[in-house]
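Trainee: What would the 3D arrangement of this be:
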Amino acid sequence: MNSNINGNYAIAEDGTIKRPYNELDTAMLNIIRVGASKDDILAAYKARKKCYQLCKESAKRPDYKEYVETLQLDNFPCELKKADYGWRYVKLLRSLALTIVLSVCSFIYGCMRIDRGVTKHWDGCGNYTTEIYWRSMIVGIISIVITIAICFFIKYLFNKLSNISHTIKSMK
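Mentor: The predicted structure follows:
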């Protein structure tokens, strides 16, 4: 490294800017390095999350996210990208879980409405009469159609998750 120090940074001979590392930086770099060596597709995301927490609690920095991401960018740019993809993956996974719950609820509601739409009454003389409540039937059918549409959205989310997973795995 060149001895030119500009503020809190040193300029290397190749022109890149290097900053001296303190104990916190070294600890965070070790966390990122360990995460980089794991096969878990969310390892970089989890490592960055640990670094956020460590930096926030230890250094009490208000800009802890930018600080960690800058450290990652300077030393492990691929891990920064993998962490960003991991964050997208987690968001999609949460959306998928919520969508599946919504789909199941919509299906159950639709089945219940259809079931209520067809009722049988016994008239006391051994005869059953069937009544159809069309409003309830229509609401039930609409709920089932919505469930089918949600299932297509679930398939889309699965495909997005798969694409992100393959992207993260290919970045090794």
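Trainee: Which positions within whichever strand or helix holds Lys46 qualify as buried?
Mentor: Taking DSSP states H and E as the criterion, the element that holds Lys46 is helix 43-54. Going by neighbour count (16 or more other C-beta atoms under 10 Å), the buried part of helix 43-54 is 43-52, 54. Every residue, glycine included, has its C-beta placed from N, CA and C.
Trainee: any idea which helix or strand of this protein has the worst average confidence?
Mentor: Within the chain, judged by mean pLDDT, DSSP states H and E, the helix or strand with the poorest mean is strand 5-6; its value is a mean of 40.
Trainee: Give me the distance from the longest helix that the chain contains to the chain's centre.
Mentor: Looking across the chain with DSSP state H, the single longest helix is helix 77-117. Centroid displacement of helix 77-117 relative to its chain, using C-alpha atoms, centre = their mean, to the nearest Å, is 10 Å.
Trainee: Quick check: mean pLDDT of that helix?
Mentor: Helix 77-117 shows an average pLDDT of 94 in the prediction.
Trainee: and it, what does it pack onto?
Mentor: Other elements packing on helix 77-117 under the criterion 3 or more C-beta pairs under 8 Å, 6 or more residues apart in numbering; DSSP states H and E are helix 23-36, helix 43-54, helix 64-75, helix 134-170.
Trainee: The residue at the greatest distance from the centre of the chain: what secondary structure?
Mentor: In the chain, Cys125 marks the outermost C-alpha relative to the chain mean, sitting 61.0 Å out by C-alpha atoms, centre = their mean. The three-state label given to Cys125 by DSSP: H, G, I helix; E, B strand; the rest coil is coil.
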